[in-house]
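S.K.: I would like the atomic coordinates for the input below:
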Amino acid sequence: DPERIPLAKILARLDEIEHLQTLSITGGEPSFRLDTWTEYVLPLLKYAKERGLQTQINTNLTLEYDRYELIAPYVDVMHISFNYTDAEDFHRIAFARSAHEVAPATAAKMYERMIENARKLSAGGSFVSAESMINHRTYDKMARIHHLIADMGCRRHAVHPMYPSDVAAELPMLPLEQLR
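M.R.: Modelled structure (predicted):
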């Protein structure tokens, strides 16, 4: 593991920002390690709420529900990426560039858990937001993806086109005619 910045130092730096309005926590996957979740993420979110900041966390919601339930009172927006129509789609897309093989059954369990967690969080009053990318894999499935997102109780669906930068630089680009 890389050396971690002490939480006290992070909080001190945040205190230096006089007019801070929002704290957004992203990753990798911030919920992956329980110790990171409880020793960094939760205290940061509590700090933000005590300071009156808006909060957002980007997560995939594929772990046990109690992990997300723990932070829900301190999160204004629970944000997920959702580019799938079923578990097979999830396996193919989410693990396309994985360094190790992920069994289809494992991916299916993660996909179902993500949907169930989004539903539970939404039903419990959390603002769950989903984001989808228009690309060669999703452009003709966006209506179905949107329907699934609505069924999960997500209160917002943001859609954006994929463009050739960073991790997407090597992926096929969708011609402009198909984006329209």
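
S.K.: same question for the lengthiest helix in the chain, mean pLDDT?
M.R.: The longest helix of the chain (DSSP state H) is helix 104-123. On average, the pLDDT along helix 104-123 is 97.

S.K.: Check which helices and strands it sits against.
M.R.: helix 65-71, strand 77-81, helix 87-94, strand 128-134 (3 or more Cβ pairs under 8 Å, 6 or more residues apart in numbering; DSSP states H and E). Where C-beta positions appear, they are placed from N, C-alpha and C, glycine not excepted.

S.K.: One more pass at 10 Å, please.
M.R.: The elements that helix 104-123 packs onto, with contact taken as 3 or more Cβ pairs under 10 Å, 6 or more residues apart in numbering; DSSP states H and E, are helix 65-71, strand 77-81, helix 87-94, strand 128-134, helix 142-151.

S.K.: quick one: it to strand 128-134, angle?
M.R.: 130 degrees (axes from the mean of the first three to the mean of the last three Cα atoms, to 10 degrees).

S.K.: Could you tell me which residues within helix 104-123 count as buried?
M.R.: Within helix 104-123, the residues that count as buried by 16 or more other Cβ atoms under 10 Å are Ala107, Met110, Tyr111, Arg113, Met114, Ile115, Asn117, Ala118, Arg119, Lys120, Leu121, Ser122.

S.K.: quick revisit: now the helices and strands packed on helix 104-123 as CSV including mean pLDDT, distance to Lys9 and mean neighbour count?
M.R.: Conversion of the helices and strands packed on helix 104-123 to CSV gives the following (pLDDT from 0 to 100; distance: least, Cβ to Cβ, whole Å; neighbours: other Cβ atoms under 10 Å):
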stretch, mean pLDDT, distance to Lys9, mean neighbour count
helix 65-71, 95, 21, 17
strand 77-81, 96, 26, 20
helix 87-94, 94, 33, 18
strand 128-134, 95, 30, 21
helix 142-151, 97, 38, 15
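
S.K.: any chance of these in JSON lines, with distance to Ala48 too?
M.R.: What follows is these, written out as JSON lines (distance: least, Cβ to Cβ, whole Å):
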{"stretch": "helix 65-71", "distance to Ala48": "11"}
{"stretch": "strand 77-81", "distance to Ala48": "12"}
{"stretch": "helix 87-94", "distance to Ala48": "28"}
{"stretch": "strand 128-134", "distance to Ala48": "17"}
{"stretch": "helix 142-151", "distance to Ala48": "26"}
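
S.K.: which stretch among the ones you listed comes nearest Leu53?
M.R.: When the helices and strands packed on helix 104-123 are ranked by distance to Leu53, counting by Cβ to Cβ, first place goes to strand 77-81 at 12.1 Å.

S.K.: Name every strand pairing with the closest one and say which way it goes.
M.R.: The sheet places strand 77-81 alongside strand 54-58 (parallel), strand 128-134 (parallel), with pairing taken from DSSP bridges.

S.K.: Thanks a lot, catch you later.
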